[in-house]
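Trainee: here are the coordinates; sequence isn't available:
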């Protein structure tokens, strides 16, 4: 079945450091890919998405490129802030289905 | 309200008791999802509603779990004879359209269930 694999956390960085959170996927169809973020005490919210190969999703300084050849959708940010501390979830859904498949989440902690 | 509302936010119960968790989706959202988030685990899909119908209940962990949705709005997840392994955060999400390729899921803050 379809699946999403994320790098294990937690990830601890200093403010202004570069961030990469790896995400790879397995899908039988042609998936759309998403990153969701869960800030402390809040519900998950969509951070960015990409619906076809080579698309780049971006939001709040974060970006991720849909790489079909490597089945990856890695999340990057050039300079993290303390306020970026959260749990990040990679997810996919496939055309014609309703089900979103989520990864296990990666906790990011940014130190001042 | 403006977002997805879930209640209770926290529930502590004794093993063997029944619990009901409620989700009030965003008005007009026809698709509604229940997920379970256990410590150290990802989001586990439980069930999906399109309107009042649940085309796929295969994610429900056992026959102790059931869910319904009425009026195309509020949904209730019921867990009968709770077990300690049911302890988790139960998340509800809604979406405007069921063809979810470009649709966005809107999540509630979850109901944290602790079974003693």
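Mentor: Structure received. On a predicted model such as this, the values are computed, not experimentally measured, just so you know. Numbering: from 1, shown residues only, chains lettered A, B, ... in the order given.

Trainee: any chance you could map the strands in chain A?
Mentor: Here chain A has its strands, by DSSP state E, at A:3-6, A:11-14, A:19-21, A:23-26, A:31-38, A:45-50, A:56-59, A:62-65, A:75-77, A:86-94, A:101-102, A:106-111.

Trainee: tell me the angle the host helix or strand of residue B:44 makes with strand A:86-94.
Mentor: Taking DSSP states H and E as the criterion, residue B:44 maps to strand B:43-50. Angle of strand B:43-50 versus strand A:86-94, following axes from the mean of the first three to the mean of the last three C-alpha atoms, to 10 degrees, is 50 degrees.

Trainee: after strand B:43-50 comes which helix or strand?
Mentor: Next helix or strand after strand B:43-50 toward the C-terminus (DSSP H and E): strand B:53-56.

Trainee: show me what contacts residue B:14?
Mentor: B:82, B:115-116 (C-beta atoms under 8 Å, 6 or more residues apart in numbering or on different chains). Every residue, glycine included, has its C-beta placed from N, CA and C.

Trainee: okay, these in a markdown table with secondary structure, pLDDT and neighbour count next?
Mentor: Formatted as a markdown table, the contacts of residue B:14 follow (DSSP: H, G, I helix; E, B strand; the rest coil; pLDDT from 0 to 100; neighbours: other C-beta atoms under 10 Å in any protein chain shown):
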| residue | secondary structure | pLDDT | neighbour count |
| --- | --- | --- | --- |
| B:82 | coil | 97 | 21 |
| B:115 | strand | 97 | 19 |
| B:116 | coil | 95 | 10 |
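
Trainee: just to revisit the earlier point, adjacent strands (with direction) for the strand holding residue B:44?
Mentor: strand B:31-37 (antiparallel), strand B:53-56 (antiparallel) (DSSP bridges).

Trainee: residues in contact with the shortest one?
Mentor: Strand B:53-56 has contacts (C-beta under 8 Å, 6+ apart) with A:98-99, B:47-48, B:67, B:69.

Trainee: where does chain B come near chain A, residue by residue?
Mentor: Taking C-beta under 8 Å from any C-beta of the partner chain as the contact definition, chain B meets chain A at B:3-4, B:31, B:33, B:35, B:40-43, B:45, B:48, B:50, B:55-56, B:91, B:93, B:98-102, B:104-110.
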